[in-house]
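*Asks:* with the input below, show me the fold.
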Amino acid sequence: MTSTRSDAVPAVQPLDAAAFDRLIAALRPRLHRYCARMTGSVVDGEDVLQEALAKALEALPGAGAIDDADAWMFRIAHNAALDHLRQRARREAVHSDEDVAMLATSVAIEDEHMAVETSLRTFMRLPASQRSCVILKDVLGHSIEEIAGVLDDATIASVKAALHRGRARLRELSLEAEPTRVVAPSKREQALIAAYIDRFNARDFDALRAMLADEVRLDLVARTRLSGRTQVGTYYGQYERLADWRFVLGSVDGRPAALAFDPHDTAGAPIYFVLLSWDGDRLVGIRDFRYARYAVEGAEFATLA
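*Replies:* Residues are numbered from 1 along each chain as shown. Here you go, the predicted structure:
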């Protein structure tokens, strides 16, 4: 597989704020692909990605000249993913002690295709070391040497071992039927989201503003964050000027959501989604992925009647 690493930032250059912004603009979809597969969810993947960006910004002033900005950023994202997995009490062994002398090192095309098509939940059934190596090599196209540079304390031999074992396990898992993720929002939550969607589709934005709690927070992913009823109320003004969406009640990776579809493509898949949080009947959180459409890749969607 040909590497698609970004060329946004020259090698061995200090990363100032402007250079960092260019790097992330070029790299963000690939970072999300990695984080989503490490965590088993496109939503958790975005959480990890945002945490990685915050850590990178914090480290930036003392980072100095960075010889490989892509690898530096992937290393931070990898460590953020492991932190996330520790918090979920799912962290597994980071390194393999398998003897690599007998392992083949060539990359088979069928292994690359298998990894790209593997569901996020299936990736979660691999140990973290195997998972990260397969994602970086077969999904994102990094070399063995690059992977060893991303993973802390990894060697060429340990990467080859983890890659071999991960591919073998994915082949085994591909023969097993994967259960459907069941979504069971409470009747109250489903009614609240349904009412929100009905008002959105009716373009009744004043009614939507009336649903906002005073302390509501908006995350317009990859674009901006707003807080408070007045600021978040301006968000609907953007939608008033647009007509490229219709919302349907559904779920993404097992979480209730408003799924956005192209109104001119009745048979199409969701193009992005919005997550909502409630306190009583007041809306306290909006997470809109309109400008982060990379997040739909690999997501498990369902519509709720």
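*Asks:* let me see the domain layout of the protein.
*Replies:* 13-173, 187-303 (automatic domain parsing).
*Asks:* make a markdown table out of these and add mean neighbour count.
*Replies:* C-beta coordinates here come from the backbone N, C-alpha and C atoms, glycine included. Formatted as a markdown table, the domains of the chain follow (neighbours: other C-beta atoms under 10 Å):
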| stretch | mean neighbour count |
| --- | --- |
| domain 13-173 | 18 |
| domain 187-303 | 17 |
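*Asks:* weakest of those in terms of mean pLDDT?
*Replies:* Here the lowest mean pLDDT among the domains of the chain goes to domain 13-173, at a mean of 84.
*Asks:* what segments of the stretch 101-250 of the chain are strands?
*Replies:* With DSSP state E, counting those that start in this stretch, the ranges of strands along the stretch 101-250 of the chain come out as 212-220, 224-227, 246-252.
*Asks:* out of those strands, which comes closest to H164?
*Replies:* Nearest to H164 among the strands of the stretch 101-250 of the chain is strand 246-252; the distance by C-beta to C-beta comes to 32.9 Å.
*Asks:* for the closest one, packing partners?
*Replies:* Under the contact definition 3 or more C-beta pairs under 8 Å, 6 or more residues apart in numbering; DSSP states H and E, strand 246-252 sits against helix 187-201, strand 255-261, strand 272-279, strand 301-303.
*Asks:* change it to 6 Å
*Replies:* helix 187-201, strand 255-261, strand 301-303 (3 or more C-beta pairs under 6 Å, 6 or more residues apart in numbering; DSSP states H and E).
*Asks:* for the shortest one, the distance to its chain's centre please.
*Replies:* Looking back up the chat, that one is strand 301-303. The chain centre lies 18 Å from the centre of strand 301-303; the measure is C-alpha atoms, centre = their mean, to the nearest Å.
*Asks:* which elements pack onto it?
*Replies:* strand 246-252.
*Asks:* so the strand it packs on versus helix 187-201, what angle?
*Replies:* Orientation note: strand 246-252 sits at an angle of 150 degrees relative to helix 187-201 (axes from the mean of the first three to the mean of the last three C-alpha atoms, to 10 degrees).
*Asks:* which residues make contact with strand 246-252 from outside it?
*Replies:* 183, 193-194, 197, 200-201, 257-261, 263, 273, 299, 301-304 (C-beta atoms under 6 Å, 6 or more residues apart in numbering).
*Asks:* send over it as CSV, restricted to the C-alpha atoms.
*Replies:* This file holds the C-alpha atoms of strand 246-252, laid out as CSV (Å, rounded to 0.1, in the frame of the first residue of the first chain):
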residue,chain,number,x,y,z
ARG,A,246,-32.5,16.0,6.5
PHE,A,247,-32.3,14.4,9.9
VAL,A,248,-33.5,10.9,11.0
LEU,A,249,-33.6,9.4,14.5
GLY,A,250,-31.0,6.7,14.7
SER,A,251,-27.8,5.5,16.4
VAL,A,252,-24.1,5.6,15.7
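*Asks:* between the helices and strands packed on strand 246-252, which one is nearest to G40?
*Replies:* Nearest to G40, of the helices and strands packed on strand 246-252 and by C-beta to C-beta, is strand 255-261 at 12.6 Å.
*Asks:* any idea of the angle that closest one forms with strand 272-279?
*Replies:* Angle, strand 255-261 to strand 272-279, by the same axes, to 10 degrees: 140 degrees.
*Asks:* neighbouring strands - and their directions - for strand 255-261?
*Replies:* strand 246-252 (antiparallel), strand 272-279 (antiparallel) (DSSP bridges).
*Asks:* contacting residues around that strand?
*Replies:* 185, 193, 197, 245-248, 250-251, 270-275.
*Asks:* from the chain's centre, how far out does that strand sit?
*Replies:* In this view, strand 255-261 has its centroid 16 Å away from the chain centroid, taken as C-alpha atoms, centre = their mean.
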